[in-house]
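Trainee: would you be able to build a 3D model of this:
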Amino acid sequence: MSVRVVSVSGMSDMPSPWRLTAPQRLNWIAEQCESWKRYRESPQVAAPGSILAVDDAVLAEPPPSHLIAYRIAHAVEHLEFFLYPLVNGGVGFPTAPNTVARSGVIAAAHALWMLGPAERAERQRRGLRMAYLEAARERTALYEVESGPGTRDAPTRRAIWQRQVERCDDTMARAIAAGATLDMTAKDVTRVPDDTTVIDHVAKDYIAASHTDDAALVTAYRLNWRMHSGNAHALRWAALWHSDSLGSFTRGGAAVRITAGGEEGLSMVGAAMALFTKRAIELFEHARQRPTDR
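Mentor: Below you'll find the predicted structure:
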């Protein structure tokens with residue numbers, strides 16, 4: 001089943017999943033996942049002459065559209081992984097699903113952030129920032145590997161390591177040079193996108209394009225993100241926010257049972273991932289297939 005694509009300013013005609021029952025919501029998410037399998041199974045590339053293909057001219061390697069496609073594939077995979085135990089009678093762990101949801105939400109949000117601007121120059125600026133970020137983070141990892149045992153003493157391994165570092169350096173330098181053609185300073189290109197700000201931004205854009213959801217969704221995404229991050233960093237407060245009291249102790253304090261939020265809570269978390277992912281796919285398909293007017 002293929003994804004239904006609409007105009008870049010509109011969305012698929014569908015009821016808001018927030019207004020469905022939990023079982024209906026899970027069925028809706030499962031249907032979306034089935035239709036999105038191709039995004040994680042095979043590369044989805046920009047057609048020659050498409051909006052994304054022209055956007056990619058700003059940086060040959062890695063093309064920004066490849067970074068977007070990877071984030072969509074990542075979001076789809078994590079949504080499927082999150083959903084699987086819920087629709088197959090599996091055990092629902094109380095906090096682990098939040099780390100999966102966190103990764104899926106930020107992947108879809110990054111894709112939306114890169115695809116969202118109507119102006120080509122701004123899409124390209126965001127693509128350059130993401131390309132620089134990826135190369136810089138990989139370079140940091142390479143230097144950590146380089147200090148490992150045996151790397152310095154093995155000429156072949158050292159040569160491979162050096163080529164990888166040079167590739168990262170080259171990508172970073174080309175991103176800065178390309179940014180200069182778009183009125184970006186080196187500091188602009190190297191500035192790391194703040195994930196919380198990105199999520200707020202794309203949630204507001206989502207609301208502006210939606211006919212079924214309202215501004216409360218922005219707050220819901222922000223809260224979900226904080227909860228997911230708290231669980232991912234093993235912070236107790238996030239777990240206590242979805243717990244059931246088991247009673248008080250006579251000496252003071254109380255016992256609680258950490259829960260996953262039940263079918264209702266988990267289906268809402270899944271819907272949040274699915275909505276961002278769905279919108280990212282709609283924008284991606286529009287931009288990778290539609291010929292540009294330059």
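Trainee: shaky segments in the stretch 1-150 of the chain?
Mentor: Counting by pLDDT under 70, the stretch 1-150 of the chain shows low-confidence ranges at 1-15, 17-18, 90-92, 147-150.
Trainee: and the strands in it?
Mentor: Assigned by DSSP state E, counting those that start in this stretch, the strands in the stretch 1-150 of the chain number zero.
Trainee: what ranges do the helices span in it?
Mentor: Counting by DSSP state H, counting those that start in this stretch, the stretch 1-150 of the chain has these helices, from start to end: 22-41, 51-55, 64-87, 96-115, 120-146.
Trainee: can you list these in JSON lines and add distance to residue 196 and mean neighbour count?
Mentor: Quick note: C-beta positions are derived from backbone N, CA and C, even for glycine. As requested, these are exported to JSON lines (distance: least, C-beta to C-beta, whole Å; neighbours: other C-beta atoms under 10 Å):
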{"stretch": "helix 22-41", "distance to residue 196": "24", "mean neighbour count": "17"}
{"stretch": "helix 51-55", "distance to residue 196": "26", "mean neighbour count": "22"}
{"stretch": "helix 64-87", "distance to residue 196": "17", "mean neighbour count": "21"}
{"stretch": "helix 96-115", "distance to residue 196": "10", "mean neighbour count": "24"}
{"stretch": "helix 120-146", "distance to residue 196": "16", "mean neighbour count": "18"}
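Trainee: with distance to residue 279 as added columns, please give the ones you listed in CSV.
Mentor: What follows is the helices of the stretch 1-150 of the chain, written out as CSV (distance: least, C-beta to C-beta, whole Å):
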stretch, distance to residue 279
helix 22-41, 11
helix 51-55, 16
helix 64-87, 11
helix 96-115, 6
helix 120-146, 15
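Trainee: wait, which of the ones you listed is closest to residue 203?
Mentor: helix 96-115 (8.1 Å; C-beta to C-beta).
Trainee: for residue 241, which of the helices of the stretch 1-150 of the chain is the nearest?
Mentor: It's helix 96-115; of those, that one is closest to residue 241 (C-beta to C-beta) at 10.6 Å.
Trainee: quick check: which of the helices of the stretch 1-150 of the chain is nearest to residue 197?
Mentor: helix 96-115 (9.3 Å).
Trainee: centre-most residue in this protein?
Mentor: For the chain, residue 107 is the residue whose C-alpha lies nearest the centre (C-alpha atoms, centre = their mean; 1.0 Å).
Trainee: residue 78 versus that residue, what's the distance?
Mentor: Look at residue 107 and residue 78: by C-beta to C-beta, to the nearest Å, they are 7 Å apart.
Trainee: and if you look at residue 249?
Mentor: Taking C-beta to C-beta, one finds residue 249 at 39 Å from residue 78.
Trainee: what bridges to residue 258?
Mentor: Beta-bridge partners of residue 258, counted by DSSP bridges, are residue 243.
Trainee: list the contacts for it?
Mentor: 94-95, 239-240, 242-243 (C-beta atoms under 8 Å, 6 or more residues apart in numbering).
Trainee: which of those residues count as buried?
Mentor: 95, 239, 242 (16 or more other C-beta atoms under 10 Å).
Trainee: let me have these in CSV, adding distance to residue 262 as columns.
Mentor: Formatted as CSV, these follow (distance: C-beta to C-beta, whole Å):
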residue, distance to residue 262
95, 14
239, 15
242, 9
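Trainee: closest to residue 209 among those?
Mentor: Once C-beta to C-beta is applied, the member of these that ends up nearest residue 209 is residue 242, at 30.2 Å.
Trainee: how close does the closest one sit to residue 224?
Mentor: Residue 242 is 11 Å from residue 224, by C-beta to C-beta.
Trainee: likewise for residue 204?
Mentor: 15 Å.
Trainee: one step back: just the closest of the contacts of residue 258 to residue 228, please.
Mentor: Closest approach between the contacts of residue 258 and residue 228, by C-beta to C-beta: residue 95, at 9.9 Å.
Trainee: list the contacts of that closest one.
Mentor: Going by C-beta under 8 Å, 6+ apart, the list of residues near residue 95 reads 231, 238-239, 258, 260.
Trainee: ok, 7 Å please
Mentor: 231, 239, 258 (C-beta atoms under 7 Å, 6 or more residues apart in numbering).
Trainee: those into a markdown table, with extra columns for pLDDT and distance to residue 119?
Mentor: Shown next, in a markdown table, are these (pLDDT from 0 to 100; distance: C-beta to C-beta, whole Å):
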| residue | pLDDT | distance to residue 119 |
| --- | --- | --- |
| 231 | 85 | 37 |
| 239 | 80 | 42 |
| 258 | 72 | 46 |
